[in-house]
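S.K.: what's the 3D shape of this:
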Amino acid sequence: MDNLCHTLVGAALAEAGLRKKTPLATAALVIGANIPDVDGILYWLNRPIEALGFRRGWTHGALAMAVWPFVITGIMLAWDRWVRRRRHPNLPPAVPRALLWLSLVAVLTHPLLDLCNTYGVRLLMPFSAHWFHGDTLFIADPWMWLALGVGYLLARDLRRRGLRRPEWPARAALTAATVYILLMAASNVLARGMVLRAATAEGGPAVERLMVSPLPLNPFRRSVVIARDSTYEMGSFDWLHQPHYRREGPLVRRYIGVDAPEARAAAAATWQGRIFLGWARFPVVEVLHAGEGYEVLLADARYTLSGRARFGAVAITVPRAISSPPSRNPGQESP
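M.R.: Here you go, the predicted structure:
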């Protein structure tokens, strides 16, 4: 999920009552809810391929989940000792054990929320690089923002006004967000089953895998990608209209452009190709002539069909020497 959502989760947890456990509890919760995303610095450094290889891996995996709470607790205790209580010596000290448990709770919310979208997360890193995908929420979900934001602001206002039970809006918001996620997950499971039955009823090549992914704003609609043999079938799913599943556009071939399997293999063997294809769920490969070699465009049909897109795609140049002279046959599936 986006960092606004992660931040609101940490803030809502604090206003739900956890801020009372120890000084600096709110800071620990908000930082813990966001800290696995330190790997996003690679995007800021304009290293998108390296980011695909590292993002949502080491900093989001099982080992990181065990280490981050201690890191956050150490930072909070250092701040408490060297800054906070030097400025205000009469303030009570932070409680190490409480900070540790609050940091653990906050850190665990991060990969669980990231699991909800189509990008996925490598929960078992560094022991396994397997990607897990929940396909439940759009990566930036305004309904999550609304529920958590309103709950947090109302709870903070009640607390500052000294009213009784100021925690209830934040607790209600966290409950509503949890119920919403569960309903979206159940909706996705049912939609997948209906899409699979509809696709199977059409006949043709067997369905290898499929994705039913959420769209922004409208929780009743989904986009659909179905992998069949050498093609992808693109479609949409809508709970409010019949038939619920509709195919959209022609089938998309996995391999298009110049029929040069050696060029595809050479691109896949580069470090960029290995990273991209290890991340992509529905790769589309286009081979083009490029001077004395080939330009191989890789895209992931989850996000784009264009190998020149700013996200979900990469262009790799390989020399002509790796391949025998190919025949120009756009759109033809290679052996």
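S.K.: which residues touch Arg228?
M.R.: 199, 204-208, 251 (CB atoms under 8 Å, 6 or more residues apart in numbering). C-betas here are computed from N, CA, C, even on glycine.
S.K.: how about low-confidence regions in the stretch 1-150 of the chain?
M.R.: Within the stretch 1-150 of the chain, no stretch has pLDDT under 70.
S.K.: mind redoing it with 90?
M.R.: Across the stretch 1-150 of the chain, residues meeting the criterion (pLDDT under 90) sit at 40-48, 50-52.
S.K.: rewinding a little: looking at the contacts of Arg228, which are in strands?
M.R.: 207-208 (DSSP state E).
S.K.: from the contacts of Arg228, which would you call buried?
M.R.: 199, 207 (16 or more other CB atoms under 10 Å).
S.K.: Among the contacts of Arg228, which has the minimum pLDDT value?
M.R.: Ranked by pLDDT, the contacts of Arg228 bottom out at Gly204, which scores 82.
S.K.: And Arg274, how far from Ile49?
M.R.: 10 Å (CB to CB, to the nearest Å).
S.K.: which of these two has more neighbours?
M.R.: Neighbours of Arg274 and Ile49, each counted by other CB atoms under 10 Å, are more numerous for Ile49; the result is 18 against 14.
S.K.: correct me, but that one touches Leu277?
M.R.: No. Between Ile49 and Leu277 there is no contact under CB atoms under 8 Å: 11.3 Å.
S.K.: residues touching Leu42, list them.
M.R.: 48, 50-51, 54-55.
S.K.: Strands of this structure, start to end?
M.R.: For the chain, strands defined by DSSP E occupy the ranges 207-214, 221-228, 231-238, 245-247, 252-253, 255-257, 283-290, 293-300, 313-319.
S.K.: could I get the ones you listed as CSV with distance to Pro169?
M.R.: Formatted as CSV, the strands of the chain follow (distance: least, CB to CB, whole Å):
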stretch, distance to Pro169
strand 207-214, 26
strand 221-228, 30
strand 231-238, 33
strand 245-247, 39
strand 252-253, 47
strand 255-257, 53
strand 283-290, 45
strand 293-300, 40
strand 313-319, 43
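S.K.: Look up the closest residue to Leu115, ignoring the ones flanking it.
M.R.: Gly134 (4.5 Å; CB to CB, 6 or more residues apart in numbering).
S.K.: same deal with Phe220?
M.R.: Using CB to CB, 6+ apart, the nearest residue to Phe220 is Trp239, at 4.4 Å.
S.K.: Let me know the pLDDT of the one you found.
M.R.: So, for Trp239, pLDDT stands at 97.
S.K.: same check, this time on His289
M.R.: 88.
S.K.: Tell me the bridge partners for it.
M.R.: Tyr294 (DSSP bridges).
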